[in-house]
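Enquirer: everything below, folded, please.
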Amino acid sequence: MVGSWRGNRTNRAQAGNLATVSMPAGAGALGCRVLDPDDQPVPDAEFVVTDTAGRKVVGGELDPFGSFLVTVPAGEYRLAVSAEGHAPYRANVTVPGNEVAELGDVTLNPARPPALPGPGDWEIEPTHSSIGFTARHIGLARVRGRFNTFAGIVRVGESMEQSAMHVVIDAASIDTNVRMRDGHLRSADFLDVDRFPTIEFYSDRFTHRGGSRWGVAGALSLHGVTRTVTLDTEYLGVGNGAAGEVRAACRATTELRRDDFTMSWQSMLAKGIAMVGTSITVDLDIQIVPKG
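Expert: The predicted structure follows:
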């Protein structure tokens, strides 16, 4: 929704005591309450106020009642309010000096989720996909890396909740752009790729969390240990590649604790080995295409 609103005496009177807010010289105030179609506050909604050049002036979360009130220099602004699973609200607003531009109640309507891939077998397209990770080096600098070789199949059911996926990663393809560190990560101190050459993830639990968000829970087998993990997934929709082929895309993230996979931080320190911290964030950017 895009609208335009200019302050006037009637709306300022409806703002009640807000009109008595003390403001710096040349400033005004902007506020509204954000509700869903059932007139309830929208959880986790956020607002951003930008100037006419598109530069952010102020923004943040709403209060527990779905409201915000901010002081800005008098002038012309654009307001955007957004929340996961909802279509954004946008409006052009004029904020008069030493007065309150009160928009009253605005409504965020549920967003239409992107179209899902059709039933059948889809495979990860590695050229346009990545599996990366971020860890702390003894709690200090971040260490970033990726796995260069992986493959996977997603079997899309008649409903997405009936789908399953299987991903296999070549553990030896780990790459942090430092040859000595990569060799150490492949060794028995960490991934032990000679004994455990692959990392595997299997899931048949796809749970819709609203809008474009999904939870994909499954079994991750790493370093000879299998644990249940959940990928917090943002589905990006279906599109066409440069050659016209159909493809679907998503982003996902999860956090792993190395101790859960028997790679002990304490034992590594006891050996005097410089190493990454106890938790690792895994980020996936995946495109899938129909399996040929």
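Enquirer: only C-alpha atoms from now on, for both contacts and neighbour counts.
Expert: Will do.
Enquirer: now do the helices for the stretch 1-150 of the chain: every range, in order, please.
Expert: Taking DSSP state H, counting those that start in this stretch, the helices of the stretch 1-150 of the chain run over residues 9-14.
Enquirer: give me the domain ranges for this protein.
Expert: As recorded under automatic domain parsing, the domains making up the chain are 2-107, 120-290.
Enquirer: quick one: closest of those to P114.
Expert: For P114, the closest of those is domain 120-290, at 5.1 Å, according to C-alpha to C-alpha.
Enquirer: next one: the closest one to chain centre, how far?
Expert: Relative to the centre of its chain, domain 120-290 is centred 16 Å away, using C-alpha atoms, centre = their mean, to the nearest Å.
Enquirer: could you check the pLDDT of R144?
Expert: Turning to R144, the model gives it a pLDDT of 89.
Enquirer: surely it touches V178?
Expert: No - with contacts counted by C-alpha atoms under 8 Å, R144 stays clear of V178, the gap being 10.5 Å.
Enquirer: so which of the domains of the chain is nearest P113?
Expert: With distances scored as C-alpha to C-alpha, the stretch of the domains of the chain nearest to P113 is domain 120-290 (5.0 Å).
Enquirer: can you give me the end-to-end span of that closest one?
Expert: Using C-alpha to C-alpha, to the nearest Å, the span of domain 120-290 from its first residue to its last is 8 Å.
Enquirer: if the most centrally placed residue in the chain is in a bridge, with which residues?
Expert: A centroid search over the chain (C-alpha atoms, centre = their mean) returns E234, at 6.4 Å, as the residue closest to the centre. Applying DSSP bridges to E234 yields these beta-bridge partners: R213, R251.
Enquirer: where does the prediction get shaky in the stretch 151-292 of the chain?
Expert: Judged against pLDDT under 70, the low-scoring parts of the stretch 151-292 of the chain cover residues 262-277.
Enquirer: what ranges do the helices span in it?
Expert: 179-186, 265-270.
Enquirer: including distance to P113, could the domains of the chain go into TSV?
Expert: Conversion of the domains of the chain to TSV gives the following (distance: least, C-alpha to C-alpha, whole Å):
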stretch	distance to P113
domain 2-107	8
domain 120-290	5
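Enquirer: wait, doesn't T176 sit right on R142?
Expert: No - with contact defined as C-alpha under 8 Å, T176 and R142 do not form a contacting pair (11.1 Å).
Enquirer: those two: which is more packed in?
Expert: Ranked by neighbour count (other C-alpha atoms under 10 Å), T176 and R142 place T176 first, with 18 against 13.
Enquirer: list phi and psi for that one.
Expert: When quoted as degrees, to the nearest 10, the phi and psi of T176 stand at phi -110, psi 10.
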